[in-house]
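Undergrad: I need the structure of the sequence given here:
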Amino acid sequence: MSENAALPLDQDVSRELPSQITIPPIKGEMVHLRPASVDDLPRMDELDAYYGASKITGKDAQAERAVVHTWVRRSVAWANGQKPDESGVGDPESRRTIAWAVLTDADHDEDGEIDAQSTDNVIGMIFLIDIDGWSRSARIQVVLGRDYRGRGYSRDLMPRVMTYGFAPEPAGLGMHRIWVAVPEQNSRSCSVYQSLGFEPSGASRDALWDAENNKYQDLIVMDTLVDEYDPIRSLDAFGMHVIEDNPGVQEAMSAREHSIAIRKNIAAQAEPAPEPAAVEESADAEQAPRIEKVAAARVPEAHNDDELAAPGEESTWPYGQGERKPSKEAWWRILGRGRKRDMEDDE
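TA: Reported below is the predicted structural model:
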């Protein structure tokens, strides 16, 4: 191993979390987010938000309620500039938490009334928890009211929160990794997470008790890294649109423009220069398809193997599902700063 290989990858990134944070509001198409408060906790009970917790997170309802109360209090403490031990619930590892209340002012069931009028438009919460400044890592979790599950709200929420989590400071948290933990029987959530770019990274065997089936089950860990996550594509996957004034989005949009330009440049360089004789034959209708095939074959497979791309649509996914590269520099974070990414592998 070379001397440089032992150096930290993000030498310019602080390993200390700020002592106080301003939690930004985040807009979605179906819902919007604001910082959660202690006053929102009774609303979670009204929403029956802890129903079926063992199937969704592997915890029983009482334990799920307790951790949600802890996460909200830790989030409020951080926003107020309090130390972890001043939150009233403690935080021995100094891993911070951000809690947003999920609100909707829509009438999605078309009954003539706002869906969540009885709970002041709150339908659940979304969290970034275990925010670790040293490893630049955080876990994401959504807790929705019983009647608001399965309507696509998570698909609207998660990409926008993850974009903020990955965006460089001060636009975002500057995280390197975001992960989730899912009971193995919750295959529906696993599918959603994979569509967002998460990859299974391991399993804790028999880590959870499945009360319904009276047996143990594994806890599946899934994660995605900043240089693997495409914040634009994750919205496209579910038919959602970019909201440009959300935190971190401008950096992501700038990076996407750079990424597309780089791919076009690679494709142009891959197209072979025509031979003198071939120039005369350029009018031949058979020549163009041949050149296109050669150019396409030389473009890295990562740009062509995205399962989520519609037929005939060029993928914008930075790394394909079959090409998970070791994390070196965040593709959209670095490009968003206007730097040029070295397209060759570092030896």
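Undergrad: In the stretch 1-150 of the chain, what residue spans correspond to helices?
TA: With DSSP state H, counting those that start in this stretch as the criterion, the stretch 1-150 of the chain has helices at 41-46, 53-56, 61-79.
Undergrad: can you tell me which residues contact the residue nearest the centre of the chain?
TA: For the chain, M162 is the residue whose C-alpha lies nearest the centre (C-alpha atoms, centre = their mean; 3.6 Å). By C-beta atoms under 8 Å, 6 or more residues apart in numbering, the contact set of M162 is I140, I178, L196, T224, Y229, P231, S234. For the C-beta atoms, the positions are set from N, CA and C on the backbone; glycine is no exception.
Undergrad: The helix or strand where it lies: which residues count as buried?
TA: Using DSSP states H and E, M162 sits in helix 153-166. Residues 153-166 are the ones in helix 153-166 that count as buried (16 or more other C-beta atoms under 10 Å).
Undergrad: for stretch 93-103, same thing?
TA: Neighbour-count burial for stretch 93-103, counted by 16+ other C-beta under 10 Å, picks out R95, R96, T97, I98, A99, W100, A101, V102, L103.
Undergrad: Show me the shaky parts of the protein.
TA: Flagging of the chain using pLDDT under 70 yields the residue ranges 1-14, 108-109, 258-259, 272-347.
Undergrad: Wasn't I220 part of a strand?
TA: Yes - I220: assigned to a strand according to DSSP: H, G, I helix; E, B strand; the rest coil.
Undergrad: Could you find the closest non-adjacent residue to it?
TA: V182 (4.8 Å; C-beta to C-beta, 6 or more residues apart in numbering).
Undergrad: Surely the one you found and S189 touch.
TA: Yes - V182 lies in contact with S189 (C-beta atoms under 8 Å); the separation is 5.2 Å.
Undergrad: Compare these two (neighbour count), which wins?
TA: A side-by-side neighbour count of V182 and S189, using other C-beta atoms under 10 Å, places V182 first with 25 against 20.
Undergrad: Give me the phi and psi for the more buried one.
TA: Main-chain torsions, V182, degrees, to the nearest 10: phi -130, psi 130.
Undergrad: if I look at L33, how far off is L196?
TA: Distance of L33 to L196, computed by C-beta to C-beta, to the nearest Å: 17 Å.
Undergrad: So between the two, which is more surrounded?
TA: Each of L33 and L196 has its neighbours counted (other C-beta under 10 Å); L196 has more, 26 against 23.
Undergrad: isn't the more buried one right up against M158?
TA: Yes - here L196 reaches M158: they are 5.9 Å apart, a contact under C-beta under 8 Å.
Undergrad: Common neighbours of those two, please.
TA: Joint contacts of L196 and M158 (C-beta under 8 Å, 6+ apart) are S234.
Undergrad: mind listing the strands for the stretch 151-300 of the chain?
TA: In the stretch 151-300 of the chain, the segments counted as strands under DSSP state E, counting those that start in this stretch are 177-183, 199-210, 215-225.
Undergrad: of all those, which lies closest to K264?
TA: Among these, strand 215-225 comes nearest to K264, with 25.0 Å by C-beta to C-beta.
Undergrad: Next, the angle strand 199-210 makes with the closest one.
TA: Using axes from the mean of the first three to the mean of the last three C-alpha atoms, to 10 degrees, one finds that strand 215-225 and strand 199-210 are set 150 degrees apart in direction.
Undergrad: and the strands of the stretch 151-300 of the chain as JSON lines, adding distance to K55?
TA: Formatted as JSON lines, the strands of the stretch 151-300 of the chain follow (distance: least, C-beta to C-beta, whole Å):
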{"stretch": "strand 177-183", "distance to K55": "7"}
{"stretch": "strand 199-210", "distance to K55": "8"}
{"stretch": "strand 215-225", "distance to K55": "10"}
